[in-house]
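> this one's sequence-less:
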Ligand code: BTN
């Protein structure tokens, strides 16, 4: 299975994820990719919106089907594909902020929104900032953002991402865990969370991820807790705080 065939491009649509989910529900084949120059209702994680000026980001959704246990770490494999694709095109070093934001220099370069109907299909939605100027990012974003720059256009980014995603969805779980560890932006970092476990308070230090993709945190009381991405909301100090 190869992502990018077929490829449907739209100049303006509500959300590539919404369109890809409709295609998936209608039986579109594995590997189908939907892109757009601009979205009117781009979706982010946790019901947030995702906005980007026309033509200045890769707005990409890919259909993976069927799903099986080998895809358990898809939420971690997808940002690793984004890292690899970006690094293949520009002289940057990418890290992953668990579970699936991609950071360059502690600023958010890309986000991933996976929407799935297991065991039938998943839509892997990816937004990568390419040429958005610093003053064009919305004022209310929760974390500083950055663009890849270096003249990379959405089409070049799409081709690189098709290849990297094709590789990363098929990687064995152990390899995903190992490479994620090498790119883990939260290891050793103080963080707090809302929801989920934490008897002695919901703050501690990132200690990597486990084999199921949970974030491991050592609380100040010395307890190690495993946080699932669906159950907690992380709070980090912003750079410079
Ligand atoms: C996040 O960081 O909150 C995830 C953002 C995901 C945005 C992309 S843009 C392409 C695709 N279509 C959407 O509506 N959302 C994803």
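Nice, I can see it. Since the model is a prediction, treat every value here as computed from it, not as a measurement.
> which residues sit against stretch 18-32?
Here stretch 18-32 makes contact (CB atoms under 8 Å, 6 or more residues apart in numbering) with 1-8, 10, 13, 34, 41, 43, 61-66, 115, 117, 120-121, 123, 125, 166. C-betas here are computed from N, CA, C, even on glycine.
> and if we set it to 10 Å?
1-8, 10, 13, 15, 33-36, 39, 41-43, 60-66, 115-117, 120-125, 162, 165-166, 169 (CB atoms under 10 Å, 6 or more residues apart in numbering).
> Quick one: residues contacting the residue in the chain that the ligand sits nearest to.
Closest contact between the chain and the ligand, by CB to the nearest ligand atom, is at residue 111 (2.0 Å). If you count contacts by CB under 10 Å, 6+ apart, residue 111 has them with 42, 44-45, 48, 50, 79, 82, 97, 100-102, 125-129, 143, 145.
> Show me the beta-bridge partners of it.
Judged by DSSP bridges, the bridge partners of residue 111 are residue 127.
> For the chain, what lies in contact range of the ligand?
Listed as neighbours of the ligand in the chain under the rule CB under 6 Å from any ligand atom: 15-17, 39, 42-45, 48, 50, 59-61, 101, 111-113, 125-127.
> Would you write a ChimeraX line that selects the buried entries of the residues you listed?
With 16 or more other CB atoms under 10 Å as the burial test, the buried ones among these are selected in ChimeraX as follows:
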select :15,16,17,39,42,43,44,45,50,59,60,61,101,111,112,113,125,126,127
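> Looking at the residues of the chain next to the ligand, which are in helices?
16-17 (DSSP state H).
> pLDDT wise, what is the residue lying closest to residue 16 once chain neighbours are set aside at?
Computed as CB to CB, 6 or more residues apart in numbering, the closest residue to residue 16 that is not its neighbour in sequence is residue 61, at 4.0 Å. With respect to pLDDT, residue 61 scores 98.
> For residue 61, give me its contacts.
8, 15-21, 23-24, 32-36, 43, 113-115, 123-127.
> Please name the bridge partners of it.
Beta-bridge pairing for residue 61 (DSSP bridges): residue 34, residue 125.
> what's the distance between it and residue 133?
25 Å (CB to CB, to the nearest Å).
> Strands of the chain, start to end?
7-13, 33-39, 57-64, 95-97, 101-104, 107-117, 121-129, 190-194, 203-209, 215-219, 224-227, 233-235 (DSSP state E).
> Quickly, which of those bottoms out on average pLDDT?
strand 233-235 (a mean of 81).
> Run me through the strand neighbours of that one, direction for each.
strand 190-194 (antiparallel).
> List of residues touching the strand it pairs with?
Contacts for strand 190-194 (CB under 10 Å, 6+ apart): 97-98, 198, 201-206, 215, 217, 220, 225, 227, 231-237.
> Derive a PyMOL selection command for the buried subset of those.
Buried residues among these (16+ other CB under 10 Å), as a PyMOL selection:
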select buried, resi 97+98+198+202+204+206+215+217+225+227+232+234+236
